[in-house]
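Engineer: coordinates only, sequence not included:
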């Protein structure tokens with residue numbers, strides 16, 4: 001029988017308290033090498049600051065992994081590498097910098113600023129990703145700090161655009177002037193803040209003047225990560241918000257989805273979908289794409305707590321032995 005007051009097509013309502021989501025994991029699994037790097041990183045600081053100051057064109061293996069949490073990947077231009085080898089050189093290193101743009105919403109001024117940035121400090125290449133954000137390519141190691149600083153100067157960020165954390169949250173990017181889309185966009189922004197890493201390492205590395213110590217933006221906080229802990233998640237985590245009649249973000253392919261239930265022109269809650277993903281390794285037969293399954297119906301004011309609870313389950317029980 002349907003629960004009284006809940007439309008029959010929505011999932012079963014969920015009842016919970018914060019006590020239900022205290023970590024219960026006491027096992028000590030054999031960790032993958034990356035887990036050790038995260039554990040010993042002092043909450044994503046590593047030795048990134050020291051390496052930035054060194055006259056080299058690339059980062060070491062440990063910091064390469066940590067830099068992903070800050071929104072950047074180290075890459076090697078294979079075309080340029082061939083030319084460099086002819087002149088006795090080696091790999092042609094550069095950085096890809098990915099932005100975090102919740103719901104794919106960006107102003108014209110912010111977009112123009114990124115176009116200028118990719119030409120001035122990158123290789124004039126900017127890509128639009130499948131998760132509603134932007135990537136700048138060809139940024140040299142010496143230009144990484146000013147690049148991330150300028151991105152933050154226009155009220156954007158690269159924090160958690162990559163790495164084993166909640167990634168950029170997707171929501172229908174079409175401009176709509178109705179209250180339903182406004183509420184979905186509001187939830188996108190609130191989830192982005194609620195699930196963001198709290199380590200001050202990002203601000204200290206990229207938004208602090210290395211000579212004067214003057215911070216260009218207020219931010220950071222205590223070193224302790226109340227949500228992620230020192231090892232963060234076993235893998236990346238992806239969230240989407242959609243409507244039944246507007247699934248442009250493929251909500252069933254997300255780790256966690258909030259499918260809005262609308263009655264009389266208002267969102268009365270969300271069907272929570274969990275377990276979606278498209279990650280497949282062809283050489284690993286035990287990997288496969290999966291569609292998310294409907295888990296529960298939640299009221300709008302429960303959505304953030306539920307998202308944090310699901311993320312904690314992944315944190316505490318996700319596979320940290322085999323990535």
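Structural biologist: In hand now; what should we look at? This structure is a prediction, so every number in the text was calculated from the model and none was measured. Residues are numbered from 1 along each chain as shown.
Engineer: What ranges does the stretch 201-323 of the chain have for its helices?
Structural biologist: Taking DSSP state H, counting those that start in this stretch as the criterion, the stretch 201-323 of the chain contains helices spanning 201-206, 303-317.
Engineer: Quick one: residues contacting the residue sitting nearest the centre point of the chain.
Structural biologist: The residue lying closest to the centre of the chain (CA atoms, centre = their mean) is residue 167, at 1.8 Å. By CB atoms under 8 Å, 6 or more residues apart in numbering, the residues touching residue 167 are 131, 160-161, 236-239. Using the backbone N, CA and C atoms, a C-beta is placed for each residue, glycine as well.
Engineer: 10 Å instead, please
Structural biologist: By CB atoms under 10 Å, 6 or more residues apart in numbering, the contact set of residue 167 is 98, 100, 131, 133, 160-161, 195, 236-239, 254-255.
Engineer: Narrow the residues you listed to those in strands?
Structural biologist: 98, 239 (DSSP state E).
Engineer: Reformat the contacts of residue 167 as a markdown table; add neighbour count, distance to residue 89 and pLDDT.
Structural biologist: Listed next are these as a markdown table, based on neighbours: other CB atoms under 10 Å; distance: CB to CB, whole Å; pLDDT from 0 to 100:
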| residue | neighbour count | distance to residue 89 | pLDDT |
| --- | --- | --- | --- |
| 98 | 25 | 27 | 98 |
| 100 | 22 | 34 | 98 |
| 131 | 18 | 34 | 95 |
| 133 | 23 | 33 | 97 |
| 160 | 26 | 34 | 97 |
| 161 | 26 | 30 | 97 |
| 195 | 21 | 42 | 98 |
| 236 | 16 | 33 | 96 |
| 237 | 24 | 39 | 97 |
| 238 | 20 | 38 | 98 |
| 239 | 26 | 42 | 98 |
| 254 | 27 | 42 | 97 |
| 255 | 22 | 41 | 97 |
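Engineer: Format the contacts of residue 167 as CSV; extra columns: distance to residue 183.
Structural biologist: As requested, the contacts of residue 167 are arranged in CSV below (distance: CB to CB, whole Å):
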residue, distance to residue 183
98, 27
100, 21
131, 21
133, 22
160, 23
161, 25
195, 18
236, 26
237, 23
238, 21
239, 16
254, 19
255, 22
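Engineer: most neighbours per residue, which of the helices of the stretch 201-323 of the chain?
Structural biologist: Stretch with highest mean neighbour count among the helices of the stretch 201-323 of the chain: helix 201-206 (a mean of 22; mean count of other CB atoms under 10 Å).
Engineer: where along the protein do the strands fall?
Structural biologist: For the chain, the strands defined by DSSP E cover 72-76, 93-98, 126-128, 134-139, 170-171, 239-242, 256-263, 266-274, 293-298.
Engineer: Tell me which residues of stretch 30-49 come out buried.
Structural biologist: Residues of stretch 30-49 classed as buried under the neighbour-count rule (16 or more other CB atoms under 10 Å) are 34-35, 37-38, 41, 43-46, 48.
Engineer: Out of those residues, which sit inside helices?
Structural biologist: Members of these lying in helices (criterion: DSSP state H): 34-35, 37-38, 48.
Engineer: ok so, going back, the strands of the chain: which one's closest to residue 85?
Structural biologist: strand 72-76 (11.9 Å; CB to CB).
Engineer: can you give me how far that closest one is from the chain middle?
Structural biologist: 17 Å (CA atoms, centre = their mean, to the nearest Å).
Engineer: Pairing partners for that strand, with directions?
Structural biologist: Neighbouring strands of strand 72-76 in its sheet, by DSSP bridges, are strand 93-98 (antiparallel).
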